[in-house]
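Q: Have a look at this prediction, sequence included:
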Amino acid sequence: MIVGVRQLISTLVAGTLVAACVGSELQTDISTEITGRCEGLSGLDLIDMKITQAEAVVASETGPSHCRVSGVIEREINFELLLPEEWNGRFMMGGGGGFVRTPIPNQALDYGFGAGALERGYATVGTDTGHVSSGIDASWALNNNERQENWGHRAIHLTSDAAKSIIRHYYDRDPDYSYFVGCSRGGGQGMMESQRYPDDFDGIVAGAPAYHWTAFTAGMLQTQQALYPDADILSPVITTDTRALLAETIDTACDAQDGVEDDVLNDPRSCDFKVDDLPRCIGDQPGSDCVTAAQLTAIKSIYDGPTSNGERIFPGFPLGGESDPGGWDSWITGARPNRDHEGPTRHYAFGTQFYKYFIFDDVDWDFTSYDFSTWKDDVETVSGVVDAVSADLRAFNTSGGKLVVWTGWSDPAVTALGTVDYYETVEAQDAHVRDYARLYMLPGVLHCAGGPGASQVDWIEVIRSWVEEGRAPERLVARKIGDSQDIVMTRPVCPYPQVAVYDGEGDSNDAGSFSCEVQ
């Protein structure tokens, strides 16, 4: 909680903020008086929170009339809160990806399929979690426990509390319901909220959740060690030809298993392809139709997952996405140029950044010589701050919360098998988990979106209807959007462990030709 925020906002902000930003005149012109009142909020200095700017925004093609409030909590947790003139009585917070970029992100503004939170009338907020970053840079965390903890869990909680206080005085009442939506790091933020702050939100949607940072980044580093055995980051052992051979061999073995040949594996775990079945090259010279010993080792590293002293740290990646643009090429193997980070791949960037600045506090730390034998001790302290791994969701359930988790089966960033593993761990502790938490696996979908599968789901409406109307989500419909922004395919998305089963006769691009079944 932010001490004193509610009381001080009540006396200093209630009359000012409402007068500044509410009124039908926002739809046409903003009077000098209203503009002055909004801008005047920047001078308020409240306990543990300061509003730095508040301005009225006229309705446009990009959104409805609203008041945009910027502020800072404590020393450096910046936030931006949008308060629509036509408020639907609800609050929705949006997460941020990676190490959380600057300017302030808010994934609720464009989430899934359909209008974003602001367009639907939600009051909505985002935060930079207390630092300035490109989203892949973590140098801000060096020897700074406060920033690490803010990024790990505190900033989302504090921003939620601050936003609700402002909303209360702006609209003269509390939100009827509060929600959180996010993907990647944003999905991990949602999971952290359900575990550590179970009363903050009535409903949470956690997409492709980056929830176990110490473990999946270990996997990133071990994979990169295998990809660059000579420490030459310009020459990965897995080439474009290798990825193409992998994808073709896997498709030949398993694509038709689900009755539809579409370069999508309905459930990659049902494919019995073995890496050792790949044709071997003679000697160390790679070819387009074979793999070398070094390539085989690297491929196995990706599928097997990281280990420490012979014990598994985190699951490896399932089959799928090997040759999809935006899949292995940019995340894992580095077989195409990358311009958004230092190093050959996003795995390299996120893995080295996390271990340099969170684990070892050493800008010169070199991952190539790390043998992971001391991994458990090395990450113990940081894990307690950043990893959302608790499988005990009883407090969240008791508070009436609902949790939707979703992941693309071909996600090259954070393995889908890690998401499945977490959900099955929760279920092992609570056989009634589906009463309040459900998992949806999207075949052929990459990280948060993309890939040959259908990835667009109206997650905002899914969580709203479950929380407010008690309609537990069953069979959902995902859409694939074409280059001209038309819907080219729909597929059902089934609650885990159900999968979409083709009827063998209908249009395979129509969700109506599939049923949800346990196989």
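A: Looks like it arrived, so ask away. Numbers count the residues shown, from 1 in each chain.

Q: can we go C-alpha only for contacts and neighbour counts from here?
A: Noted.

Q: Just give me the neighbour total for the residue nearest to residue 108 when sequence neighbours are not counted.
A: Spatial nearest neighbour of residue 108, chain neighbours left out: residue 94 (4.3 Å); criterion: Cα to Cα, 6 or more residues apart in numbering. Residues within reach of residue 94, counting by other Cα atoms under 10 Å, total 27.

Q: wait, residue 94 sits on residue 123?
A: No. In this structure, residue 94 is not within contact of residue 123 by Cα atoms under 8 Å, at 10.8 Å.

Q: Residues in contact with the one helix or strand residue 384 maps to: which ones?
A: With elements delineated by DSSP states H and E, residue 384 resides in helix 375-386, which encompasses its position. Residues outside helix 375-386 that contact it (Cα atoms under 8 Å, 6 or more residues apart in numbering) are 148-149, 151-153, 211-214, 308, 358-360.

Q: Touching the following helix or strand past that helix from outside, list them.
A: Going down the chain from helix 375-386, the next helix or strand is helix 394-398, by DSSP H and E. The contact list for helix 394-398, computed with Cα under 8 Å, 6+ apart, reads 194, 195, 198, 199, 402, 436.

Q: in helix 394-398, what's buried?
A: With burial defined by 16 or more other Cα atoms under 10 Å, the residues of helix 394-398 counted as buried are 394, 396, 397.

Q: just stretch 413-429 next, same as before
A: For stretch 413-429, the buried set under the neighbour-count rule, 16+ other Cα under 10 Å, comprises 413-420, 422-424, 426-427.

Q: Any regions of the stretch 401-519 of the chain where pLDDT drops low?
A: Across the stretch 401-519 of the chain, not a single residue meets the criterion (pLDDT under 70).

Q: returning to that earlier point: dump the helix holding residue 384 to CSV, restricted to CA.
A: Extracted C-alpha coordinates of helix 375-386, given in CSV (Å, rounded to 0.1, in the frame of the first residue of the first chain):
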residue,chain,number,x,y,z
TRP,A,375,23.6,-22.6,-10.5
LYS,A,376,21.2,-23.3,-7.6
ASP,A,377,23.2,-21.3,-5.1
ASP,A,378,24.0,-18.6,-7.6
VAL,A,379,20.3,-17.8,-8.3
GLU,A,380,18.8,-18.4,-4.9
THR,A,381,18.5,-14.8,-3.7
VAL,A,382,17.3,-13.3,-7.0
SER,A,383,14.9,-16.1,-7.6
GLY,A,384,12.9,-15.1,-4.5
VAL,A,385,12.5,-11.7,-5.9
VAL,A,386,11.7,-12.3,-9.6
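
Q: how far is it from where the chain is centred?
A: 21 Å (Cα atoms, centre = their mean, to the nearest Å).

Q: any idea of the mean pLDDT for it?
A: Helix 375-386 carries an average pLDDT of 98.

Q: Pull out the buried residues from that helix.
A: 375, 379, 382, 383, 385, 386.

Q: what do you get for stretch 289-304?
A: 290-304.

Q: Save the buried residues of stretch 413-429 as JSON lines, and put in distance to residue 62 and secondary structure too.
A: Supplementary listing: those in JSON lines, determined by distance: Cα to Cα, whole Å; DSSP: H, G, I helix; E, B strand; the rest coil:
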{"residue": "413", "distance to residue 62": "30", "secondary structure": "coil"}
{"residue": "414", "distance to residue 62": "32", "secondary structure": "coil"}
{"residue": "415", "distance to residue 62": "34", "secondary structure": "coil"}
{"residue": "416", "distance to residue 62": "34", "secondary structure": "helix"}
{"residue": "417", "distance to residue 62": "37", "secondary structure": "helix"}
{"residue": "418", "distance to residue 62": "36", "secondary structure": "helix"}
{"residue": "419", "distance to residue 62": "34", "secondary structure": "helix"}
{"residue": "420", "distance to residue 62": "37", "secondary structure": "helix"}
{"residue": "422", "distance to residue 62": "38", "secondary structure": "helix"}
{"residue": "423", "distance to residue 62": "37", "secondary structure": "helix"}
{"residue": "424", "distance to residue 62": "41", "secondary structure": "helix"}
{"residue": "426", "distance to residue 62": "40", "secondary structure": "helix"}
{"residue": "427", "distance to residue 62": "41", "secondary structure": "helix"}
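
Q: re earlier: and the gap between the residue nearest to residue 108 and residue 184?
A: For residue 94, the distance to residue 184 equals 12 Å [Cα to Cα, to the nearest Å].

Q: what's the answer for residue 451, then?
A: When distances are taken as Cα to Cα, residue 451 and residue 184 turn out to be 16 Å apart.

Q: Check residue 191 too.
A: In this structure, residue 191 lies at 11 Å from residue 184, with Cα to Cα as the measure.

Q: Compare these two (neighbour count), which wins?
A: Neighbour tally, residue 191 and residue 184, criterion other Cα under 10 Å: the higher count belongs to residue 191, 30 against 23.

Q: okay, now the residue lying closest to residue 249 once chain neighbours are set aside: neighbour count?
A: With sequence-adjacent residues excluded and distances taken as Cα to Cα, 6+ apart, residue 249 is closest to residue 278, at 7.8 Å. Summarising burial for residue 278: neighbours were counted as other Cα under 10 Å, giving 17.

Q: low pLDDT regions in the stretch 151-300 of the chain?
A: Screening the stretch 151-300 of the chain residue by residue with the criterion pLDDT under 70, one finds the ranges 231-232.

Q: From the buried residues of stretch 289-304, which land in helices?
A: When helices are assigned by DSSP state H, the members of the buried residues of stretch 289-304 inside them are 293, 294, 295, 296, 297, 298, 299, 300, 301, 302, 303, 304.

Q: list the contacts for the third one?
A: The contact partners of residue 295, by Cα under 8 Å, 6+ apart, come to 227, 237, 238.

Q: Let's see that with 10 Å instead.
A: 226, 227, 236, 237, 238, 239, 242, 280, 281, 284, 286, 301 (Cα atoms under 10 Å, 6 or more residues apart in numbering).

Q: tell me the SS of the nearest residue to residue 150 once chain neighbours are set aside?
A: For residue 150, ignoring the flanking residues on the chain, the nearest one in space by Cα to Cα, 6+ apart is residue 129 at 5.9 Å. Classification of residue 129 by DSSP: H, G, I helix; E, B strand; the rest coil places it in coil.

Q: ok, residue 129 - how many residues close by?
A: A count of neighbours around residue 129, defined by other Cα under 10 Å, yields 32.

Q: Check residue 120 too.
A: Residue 120 sits with 18 neighbouring residues when counted by other Cα under 10 Å.

Q: how much space between it and residue 458?
A: Taking Cα to Cα as the measure, residue 120 falls 12 Å from residue 458.

Q: What of residue 317?
A: Note on residue 317: its distance to residue 458, by Cα to Cα, is 27 Å.

Q: hey, C-alpha coordinates of stretch 289-306 in CSV?
A: Output of stretch 289-306 as CSV, limited to C-alpha atoms (Å, rounded to 0.1, in the frame of the first residue of the first chain):
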residue,chain,number,x,y,z
ASP,A,289,20.4,-32.4,-46.2
CYS,A,290,22.3,-33.6,-43.2
VAL,A,291,23.6,-32.5,-39.7
THR,A,292,27.0,-32.5,-38.2
ALA,A,293,27.9,-33.7,-34.7
ALA,A,294,28.0,-30.1,-33.4
GLN,A,295,24.7,-29.3,-35.0
LEU,A,296,23.1,-32.4,-33.4
THR,A,297,24.4,-31.4,-30.0
ALA,A,298,23.0,-27.9,-30.4
ILE,A,299,19.6,-29.2,-31.6
LYS,A,300,19.4,-31.5,-28.6
SER,A,301,20.3,-28.6,-26.3
ILE,A,302,17.2,-26.7,-27.5
TYR,A,303,14.8,-29.6,-27.2
ASP,A,304,16.2,-31.1,-24.0
GLY,A,305,16.4,-28.0,-21.8
PRO,A,306,19.0,-26.8,-19.3
